[in-house]
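Participant: Need the 3D shape of this:
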Amino acid sequence: LKKYIAFARRIRPKVSRKAAERIKEYYLTLRMQTPQSEAMYEGEAPIPITPRQLEALIRLAEAHAKMLLKETVDIEDAEAAIELMNYMLKTVAYDVSIGGIDIHMLSGYRHSKMLVSDIIMEKARELSKGKEEGVSRVELIKAVMEELNVKRIRYTEKMVKELIDELRETGNLYMPKAGYFKPAEES
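Facilitator: Residues are numbered from 1 along each chain as shown. Coordinates of the predicted model:
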């Protein structure tokens, strides 16, 4: 085992043209994918994969070739890397609320959550305009849920309530009266 590892460390496999083309084809296909609910993004859909993942694909293919003590990275190695990447993306970066891959989830940030937060703030501004007490929680939730249905964003009422509470805790919304909300920028 020690000899195998020592020998494998010295191998520097070169990526074959076919393997490079397969990796590039996969990367471009994934890059062009948009979530099923793309209409909701209005030009700001989350990117399913970034150049960082392309570099990772190449390194994974090289590692697979190295493990098999090969001098060149071939299609088999590229397919193994693609299979690993698909598994990782479906396990870690799949956002059910958009029905697709959102690479930002790897950093703990969900594009859909930010979008829903923007909708909540927009509806709070719109519905509390001219009202000293703001908009009632029930009215705000109803308006947000209607907008989410129009934009085909899969968010439950419970998730919207939690996000409203989170926006209140972060100071984006405030309660001028119990059960009523206003955007903080209007205070």
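Participant: Not counting its neighbours along the chain, what's nearest A124?
Facilitator: Excluding the flanking residues, the one nearest A124 by C-beta to C-beta, 6 or more residues apart in numbering is P183, at 5.1 Å. Heads up, the C-betas are built off the backbone N, CA and C, glycines and all.
Participant: mind listing what that neighbour touches?
Facilitator: Each residue near P183 by C-beta atoms under 8 Å, 6 or more residues apart in numbering is listed here: 121, 124-125, 128, 172-173.
Participant: Which parts of this protein are strands?
Facilitator: Along the chain, counting by DSSP state E, strands occupy 14-15, 72-73, 94-95, 100-101, 135-136, 173-177, 180-183.
Participant: still on that earlier bit, if the residue nearest to A124 is in a bridge, with which residues?
Facilitator: Applying DSSP bridges to P183 gives these bridge partners: L173.
Participant: Could you shift the numbering so residue one becomes 681, and keep it that way?
Facilitator: Happy to do that; since the first residue is 681 now, the last one works out to P863.
Participant: Distance of it relative to V695?
Facilitator: Per C-beta to C-beta, to the nearest Å, P863 is found 52 Å from V695.
Participant: domain ranges for the chain?
Facilitator: 682-787, 791-866 (automatic domain parsing).
Participant: okay if I get those as CSV plus mean pLDDT?
Facilitator: Formatted as CSV, the domains of the chain follow (pLDDT from 0 to 100):
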stretch, mean pLDDT
domain 682-787, 83
domain 791-866, 89
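Participant: out of the strands of the chain, which comes closest to A688?
Facilitator: Shortest distance between A688 and these, using C-beta to C-beta, is found for strand 752-753: 14.1 Å.
Participant: Sheet partners, orientation included, of the closest one?
Facilitator: Using DSSP bridges, strand 752-753 pairs in its sheet with strand 694-695 (parallel).
Participant: residues in contact with the strand it pairs with?
Facilitator: 703, 738, 741-742, 751-753.
Participant: Among those residues, name the buried ones.
Facilitator: Neighbour counting by 16 or more other C-beta atoms under 10 Å classes 703, 738, 741-742, 753 among these as buried.
Participant: As JSON lines, the residues you listed with distance to D845 would be great.
Facilitator: As requested, the buried ones among the contacts of strand 694-695 are arranged in JSON lines below (distance: C-beta to C-beta, whole Å):
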{"residue": "I703", "distance to D845": "44"}
{"residue": "I738", "distance to D845": "43"}
{"residue": "A741", "distance to D845": "45"}
{"residue": "E742", "distance to D845": "47"}
{"residue": "V753", "distance to D845": "50"}
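Participant: Fine, thanks again, bye for now.
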